[in-house]
Structure formats: structure tokens, C-alpha cells
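>>> Have a look; sequence and predicted model below, questions after that.
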Amino acid sequence: MVTGFGVEADRAIVKVSFTKKHRFSSFGNQFFNTTVQLDAGVRLLTVQVHVGSKHGTAARELRLCHSSCALFNVGSLQDWLWEIRIWLDRNPNEVVTIILVNLGSASATELEGEYSRADLAHYGWVPPNISEAPPLSSESNKTWPTLAAMINSGQRLVTFVNPLTPDEADAPYLLRENDFVWENSYAVTAAADFACAPDRVSNTTTISEARDSGKLFLMNRFLYWQQAFGIQTPDRRVLAATNS
């Protein structure tokens with residue numbers, strides 16, 4: 001587990017590997033809630049954000065679902081952010097990253113309201129340029145902040161959103177994922193097909209080009225199990241081998 005006052009504290013965040021959990025609300029993906037996973041060392045959380053209705057009313061509410069809220073609905077975004085805020089309060093030497101897959105096309109203003117109501121906004125990391133990743137970092141030129149610097153500043157929560165129109169004036173800590181992150185393929189059904197080649201952002205073509213961009217690398221390493229009617233579910237049959 002990476003801790004802010006451990007051996008990684010003086011490394012730039014781009015030079016540290018964090019364990020990620022994929023889709024908190026996904027079918028069959030997670031057996032423990034967010035607090036348990038954070039306690040276990042997970043430091044990168046991803047969820048899908050959809051637009052739904054507040055329970056018992058017709059009021060608009062941002063909810064955590066997967067594909068369809070009619071099938072996989074685990075509650076409101078605000079409640080989940082509140083859980084993360086409580087954990088950060090209790091763990092002052094830790095840095096956490098969130099990726100919001102913004103399928104509801106919520107604006108930065110609406111998302112900022114959710115963060116503020118959860119009393120989480122003050123933890124948000126604000127980069128020098130909210131529309132572009134810092135240049136490639138090195139040991140002698142740490143363009144990304146170190147974990148120690150983030151902890152000391154209090155900006156211990158990194159939030160990437162896709163898609164998003166950034167709002168520097170009111171929500172500078174809500175960052176467009178594609179400006180700061182590149183990923184390998186996530187739609188893999190056979191271990192032999194795992195690769196590091198860029199899959200997203202689409203205009204990045206080679207590993208060296210992606211690396212030299214200075215962006216963070218998000219490595220997807222999980223297998224889907226192909227079901228009938230084109231449905232894919234996490235392949236729990238080979239979980240031990242996939243995670244080895």
C-alpha cells in the first residue's frame with residue numbers, strides 16, 4: 001500500500017503506481033464497498049455517473065449506475081463522495097484519485113455542487129494548467145507534484161471527468177480526463193490480448209508518444225467473460241491469474 005509518508009512520498013505522482021478499482025457499481029466487479037477497498041490500499045476509483053430521479057420525487061439527481069440505472073443502481077453520487085470525504089478526513093496522509101465517467105453529461109457546475117455538498121471540494125488538486133497535463137516528469141524535474149507536496153498542501157484528491165467542459169473559475173479541480181490521462185484497451189476477453197498500446201486518447205498512436213506527453217498512464221487489466229446476446233461480465237473464473 002502506498003502511503004504519503006512511506007518510501008514514495010518524495011516521488012512525483014506520475015512516477016507512482018496505484019491500485020485501481022473498476023466501476024464501483026458494476027455487475028459482479030466489486031465484493032466490498034469503497035471504504036473497505038480504500039482501507040485495503042486501493043487509491044484510484046472509477047464510477048459511471050448517470051442522471052436519475054431522487055428517491056420518492058421527480059427531482060434530478062446524479063446517480064452511480066452501470067449502463068442502465070434500471071439494472072445497476074447503487075445510489076447517489078453525493079452519498080458516495082461523502083464516503084470518500086469521511087475516509088480522507090480519517091487518513092490525512094493519503095492521496096486518492098477519482099475518475100467519473102460522465103454518461104449523464106453533467107456540467108462542471110453541477111458536479112461542483114455535489115462535491116461542495118459532500119464537503120469534498122477543498123481536497124481537490126488544482127494543477128497549474130487545468131486544460132493540459134504537465135510536461136514529462138523526471139527525478140531532476142518533477143513537473144507533477146510529489147505525494148508529500150499534495151499532502152502538505154491539503155490537495156489530496158485528484159478528479160478526472162470524461163466528458164467535461166472544464167470550469168476554471170468555479171471548479172478548477174474537476175479535470176477533463178483525456179487532457180491528463182491515456183489508457184490501454186479495456187475490452188479484453190483473453191489474457192493473451194493484454195497490451196500497453198494506447199487505446200484512449202484516440203489521437204495517441206504509440207507508447208512512446210503517450211509516455212512523452214507527460215500524461216498519467218491508466219493500465220486496464222481485467223478480463224471480460226462473453227455471455228449470450230453480446231453481454232459481457234467480469235471473468236471471475238480466472239481472477240487469481242489476472243491479478244497475479
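Sure thing, it's come through.
>>> who touches the longest helix belonging to the chain?
When every helix of the chain is counted residue by residue (DSSP state H), the longest turns out to be helix 77-90. Contact with helix 77-90 is made by 24, 33-35, 38-39, 45, 47, 49, 62-64, 74, 94, 96, 98, 100, 114-115, 117-120, 123, 156-157, as judged by Cβ atoms under 8 Å, 6 or more residues apart in numbering. To be clear about C-beta, it is placed using only N, CA and C from the backbone, and glycine gets the same treatment.
>>> Tell me the buried residues within those.
With burial judged by 16 or more other Cβ atoms under 10 Å, the buried subset of the contacts of helix 77-90 is 24, 34, 38, 45, 47, 49, 62-64, 74, 94, 96, 98, 100, 114-115, 118, 120, 123, 156-157.
>>> What's the mean pLDDT across stretch 168-176?
Model confidence over stretch 168-176, given as mean pLDDT, is 99.
>>> mind checking the SS state of the nearest residue to residue 78 once chain neighbours are set aside?
On the basis of Cβ to Cβ, 6 or more residues apart in numbering, the spatially nearest residue to residue 78 that is not a chain neighbour turns out to be residue 114, at 5.0 Å. Secondary structure of residue 114, reduced to three states by DSSP: H, G, I helix; E, B strand; the rest coil: helix.
>>> how near is residue 114 to residue 242?
33 Å (Cβ to Cβ, to the nearest Å).
>>> again with residue 132
With Cβ to Cβ as the criterion, residue 132 and residue 242 are 34 Å apart.
>>> one step back: next, the angle from the helix or strand following the longest helix of the chain to helix 77-90.
Sequence order places strand 96-101 as the next helix or strand after helix 77-90, per DSSP states H and E. Computed with axes from the mean of the first three to the mean of the last three Cα atoms, to 10 degrees, the direction of strand 96-101 lies at 170 degrees from that of helix 77-90.
>>> rewinding a little: restricted to strands, list the buried ones among the contacts of helix 77-90.
Counting by DSSP state E, the buried ones among the contacts of helix 77-90 place 45, 47, 49, 62, 63, 64, 74, 96, 98, 100, 157 in strands.
>>> my guess is the third one meets residue 99, correct?
Just to be clear, that refers to residue 49. No: in this structure, residue 49 sits apart from residue 99 without contact. The criterion is Cβ atoms under 8 Å, and the distance is 10.3 Å.
>>> Can you point out the buried residues in the longest helix of the chain?
Burial within helix 77-90, assessed by neighbour count using 16+ other Cβ under 10 Å, is assigned to 77, 78, 80, 81, 82, 83, 84, 85, 87, 88.
>>> host element of the nearest residue to residue 193 once chain neighbours are set aside?
Sequence neighbours aside, residue 185 is the residue nearest to residue 193 in space, at 7.7 Å (criterion: Cβ to Cβ, 6+ apart). Using DSSP H and E, residue 185 maps to neither a helix nor a strand.
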